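Enquirer: Dropping the sequence and predicted coords here.
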Amino acid sequence: MKFCNIDINLTNKEELFQNLNGETKFIVTVNAQIIVLANENQRLLEFINKNYATVDGEIPLKIAKILYPDFKDVIKLSGSDIVYDFCDYAKKNDLKLFFLGGKESSVRNAVENVRKKYAIQVDGFSPEFEDYPFSDRFIRECQSSIRKFKPDILFVGFGAGKQEYFIESNRSFLQECKIQYVVGSGGTVDFVSGSIKRAPKWISKIGLEGFYRFFQEMSIARAKRILISFKFFKYIR
């Protein structure tokens, strides 16, 4: 199913864990910001459409359901929701989970919270912040942390676009590490750590999670992300 030029091929939680065939499954959670960035950058668009994508965002999902009958049964699958499904999956299948990216305190607390709740092997690494393109040092440190822990499930949280470029550039390495699932997860680690509160359900239902988070963590960068997200209406076909 296509929406805003993006192929949506993960429509429910069961599909997250299907069709591995021994290969690494690369998953992009597509929200309004990703829609805009992908339509403005062919490289990102091609990466998403060659892999797996969910709908992450109530407003894009509601519009897709209005315009396209095929989206009737599609559910929202955001990184901050499916992370717990992957934790359950890891527990049931004795798999290891790793958080890459985010603030050091958030990664540390997220690891501790997941370990306590799910009793799984979990770890994480918070590289020093860099804009894209990443330096060789940044890549080496990230690869070293992954190679050392040998995760089966990897959540990459460098922010929309940056995390997908990292995954694309390191695709061969991640496959060689035999990682089963790689998820571009944005700020998921902040929610898992408890440093940022999830929006109440009624706010999520009307698609205002971005505003809710902005008022918890006000910054020019986050305000820009909200403004960029509104541009997605331009790409509705």
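Expert: Noted; the coordinates are in hand.

Enquirer: isn't there a strand covering Ile179?
Expert: No: Ile179: not assigned to a strand; according to DSSP: H, G, I helix; E, B strand; the rest coil it is coil.

Enquirer: Look up how far Phe155 lies from it.
Expert: 11 Å (CB to CB, to the nearest Å). Bear in mind the C-beta positions are built from the backbone N, C-alpha and C, glycine included.

Enquirer: And these two? Which one has more around it.
Expert: Phe155 (28 against 20; other CB atoms under 10 Å).

Enquirer: Who are the contact partners of the more buried one?
Expert: For Phe155, the contact set (CB atoms under 8 Å, 6 or more residues apart in numbering) comprises Gly79, Val83, Phe86, Leu97, Phe98, Phe99, Leu100, Val183, Ser185, Thr188, Val189.

Enquirer: cool, and Lys116?
Expert: Lys116 neighbours (CB under 8 Å, 6+ apart): none.

Enquirer: any low-confidence regions in this protein?
Expert: Applying pLDDT under 70 to the chain flags the ranges 19, 212-214.

Enquirer: From Asn31, how far out is the spatially most central residue of the chain?
Expert: Centroid-nearest residue in the chain: Ser185, 2.1 Å away (criterion: CA atoms, centre = their mean). Per CB to CB, Ser185 is found 11 Å from Asn31.

Enquirer: again, but for Phe86
Expert: In terms of CB to CB, Phe86 sits 18 Å off from Asn31.

Enquirer: picking that back up, next step: the contacts of Phe155 restricted to strands.
Expert: Per DSSP state E, strands hold the following members of these: Leu97, Phe98, Phe99, Leu100, Val183.

Enquirer: Save the residues you listed as JSON lines, and put in distance to Phe233 and neighbour count too.
Expert: Formatted as JSON lines, the ones in strands among the contacts of Phe155 follow (distance: CB to CB, whole Å; neighbours: other CB atoms under 10 Å):
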{"residue": "Leu97", "distance to Phe233": "36", "neighbour count": "26"}
{"residue": "Phe98", "distance to Phe233": "36", "neighbour count": "24"}
{"residue": "Phe99", "distance to Phe233": "33", "neighbour count": "28"}
{"residue": "Leu100", "distance to Phe233": "32", "neighbour count": "26"}
{"residue": "Val183", "distance to Phe233": "26", "neighbour count": "25"}
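
Enquirer: how distant is stretch 181-191 from the center of its chain?
Expert: Relative to its parent chain, stretch 181-191 has a centroid offset of 4 Å by CA atoms, centre = their mean, to the nearest Å.

Enquirer: neighbouring contacts of that stretch?
Expert: In this structure, residues lying in contact with stretch 181-191 by CB under 8 Å, 6+ apart are 16, 24-29, 31, 79-80, 82-83, 86, 99, 101-103, 106-107, 110, 124, 152-157, 159-160, 163-164, 167, 174, 196-198, 213.

Enquirer: same deal with stretch 202-211?
Expert: With contact meaning CB under 8 Å, 6+ apart, stretch 202-211 is reached by Gly57, Glu58, Ile59, Lys62, Arg198, Ala199, Tyr212, Arg225, Ile226, Ser229.

Enquirer: most neighbours, which of those residues?
Expert: Gly57 (25 neighbours).

Enquirer: for Thr54, helix, strand, or coil?
Expert: strand.

Enquirer: where's it relative to Gln175, distance?
Expert: According to CB to CB, Thr54 and Gln175 sit 21 Å apart.

Enquirer: neighbour count winner among these two?
Expert: Thr54 (28 against 13).
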